[in-house]
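Trainee: got a structure for you, letters missing:
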Ligand code: UDP
Ligand code: MG
């Protein structure tokens, strides 16, 4: 029987733990004659009783595996840790708050059985999201589509998706430490399709995302998929060099005319203009040099962040019955 891993990051999800397992149990029961399941719950340094509750849940659910991180690392690292520990033939990361409805898991699996290696769960609606989140998300995905070139980062696909074992192995093999799953999976490629769903309200508890964490996610996503921002100063430098060059040229012509015809253009050919032009020219040259350096720094930065993205304290498996 094929094994399906459900990876769920949990940070202070005390009120969600019982609700989550109730809903997931239902899905697993419905599919239990065809598939085996494991739930990999990653406790991301919760300060409430999430871990205790998970340990309690594990007593009656031997398919629950608990990955306890050494501290709070964040959503993305928690998912990465869970995916690394997961053993399934297919792996499905899912939020604990049930904003990603587990009811579409059978549809995800079906597409996988049809031969797709990646089945994205795309949010059709964001009715429940705030205006700020809606607009920033839209900007982010538009930007990603523009800059990521050959990598097609699908809009409105978060963590929720099914990945085949091959895809998970390839993602785990990627050498970078700063992981952004929604960029890595399209980077890895393979036959991909999607299932559409309505994003629901959080069932209980509250969001851990604020503007700063969304901004960080966006920066990491951009940095990990493109070097194009590093080339912007270069474009700017060329433009400025062009403008100041042209300006100096005009000034030179005026100077010649002025020398010939001493009265007419004296006011236009003011020394202040020369000063501004010189500043522009020097500024452009400095930018040009900086731009070249920035390209190297950007490349090096991508490679040099050698720290682990998460640290696992312990993987707690259910106790096997002794026989
Ligand atoms: N989460 C986590 N570590 C964190 C923050 C969040 O593991 O530092 C988990 C959280 O428990 C939830 C998921 O990541 O399962 C998504 O978080 P949340 O619902 O707060 O994000 P939102 O849906 O508002 O984007
Ligand atoms: Mg949520």
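Mentor: In hand now; what should we look at? It should be emphasised that the depicted structure is a prediction, and the values quoted were computed from it without experimental measurement. Ligands and ions are numbered 1, 2, ... in the order given.

Trainee: for the rest of this, base every contact and every neighbour count on C-alpha atoms.
Mentor: Fine.

Trainee: how about the residues of this structure near ligand 1?
Mentor: Listed as neighbours of ligand 1 in the chain under the rule CA under 6 Å from any ligand atom: 9-11, 13, 44, 72-75, 78, 95-97, 207-209.

Trainee: narrow these to just the buried residues.
Mentor: Buried by 16 or more other CA atoms under 10 Å: 9-11, 13, 44, 72-75, 78, 95-97, out of the residues of the chain next to ligand 1.

Trainee: buried residues in the helix or strand hosting residue 255, which are they?
Mentor: Assigned by DSSP states H and E, residue 255 belongs to helix 228-260. Residues of helix 228-260 classed as buried: 230, 233-234, 237-238, 240-241, 243-245, 247-248, 251, 254-255, 258 (neighbour count, 16+ other CA under 10 Å).

Trainee: ok, then the element right after it?
Mentor: Later in the chain than helix 228-260, the nearest helix or strand by DSSP H and E is helix 271-304.

Trainee: please flag which of the residues of the chain next to ligand 1 sit within helices.
Mentor: Counting by DSSP state H, the residues of the chain next to ligand 1 place 75, 78 in helices.

Trainee: out of the residues of the chain next to ligand 1, which one sits closest to residue 168?
Mentor: Set against residue 168, the nearest of the residues of the chain next to ligand 1 by CA to CA is residue 78 (15.1 Å).

Trainee: isn't the closest one right up against residue 9?
Mentor: Yes - the pair residue 78 and residue 9 qualifies as a contact (CA atoms under 8 Å) at a distance of 5.6 Å.

Trainee: tell me the phi and psi of residue 69?
Mentor: In terms of degrees, to the nearest 10, the main-chain angles of residue 69 are phi -80, psi 160.

Trainee: need the contact list for it.
Mentor: Applying CA atoms under 8 Å, 6 or more residues apart in numbering to residue 69 gives the contacts 42, 43, 44, 45, 78, 310, 311, 312, 313, 314.

Trainee: one step back: tell me what angle the helix holding residue 255 forms with helix 271-304.
Mentor: Angle of helix 228-260 versus helix 271-304, following axes from the mean of the first three to the mean of the last three CA atoms, to 10 degrees, is 160 degrees.

Trainee: run the chain-centre distance for helix 228-260.
Mentor: Relative to the chain's own centre, helix 228-260 is displaced by 40 Å; criterion: CA atoms, centre = their mean, to the nearest Å.

Trainee: any of the contacts of residue 69 buried? List them.
Mentor: Buried members of the contacts of residue 69, counted by 16+ other CA under 10 Å: 42, 43, 44, 45, 78, 310, 311, 312.

Trainee: now render those residues as JSON lines, adding pLDDT.
Mentor: Output for the buried ones among the contacts of residue 69, formatted as JSON lines (pLDDT from 0 to 100):
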{"residue": "42", "pLDDT": "97"}
{"residue": "43", "pLDDT": "96"}
{"residue": "44", "pLDDT": "95"}
{"residue": "45", "pLDDT": "94"}
{"residue": "78", "pLDDT": "96"}
{"residue": "310", "pLDDT": "79"}
{"residue": "311", "pLDDT": "82"}
{"residue": "312", "pLDDT": "87"}
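
Trainee: among these, which lie within strands?
Mentor: Secondary structure from DSSP state E places 42, 43, 312 of the buried ones among the contacts of residue 69 in strands.

Trainee: just give me the closest of the contacts of residue 69 to residue 119.
Mentor: Closest approach to residue 119 among the contacts of residue 69 (CA to CA): residue 78, at 20.8 Å.

Trainee: mean confidence for the helix or strand harbouring residue 182?
Mentor: Using DSSP H and E, residue 182 sits within helix 181-188. The average pLDDT within helix 181-188 is 90.

Trainee: taking the buried residues of helix 228-260 together, which two end up most distant?
Mentor: Farthest pair in those (CA to CA) is 230 and 258. Separation: 42.8 Å.

Trainee: one step back: in CSV: the ones in strands among the buried ones among the contacts of residue 69, plus distance to residue 272.
Mentor: Compiled in CSV, those are given as follows (distance: CA to CA, whole Å):
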residue, distance to residue 272
42, 64
43, 64
312, 63
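
Trainee: which strands or helices does the helix holding residue 182 pack on?
Mentor: Contacts defined by 3 or more CA pairs under 8 Å, 6 or more residues apart in numbering; DSSP states H and E place helix 181-188 against strand 157-164, helix 165-173, helix 211-225.
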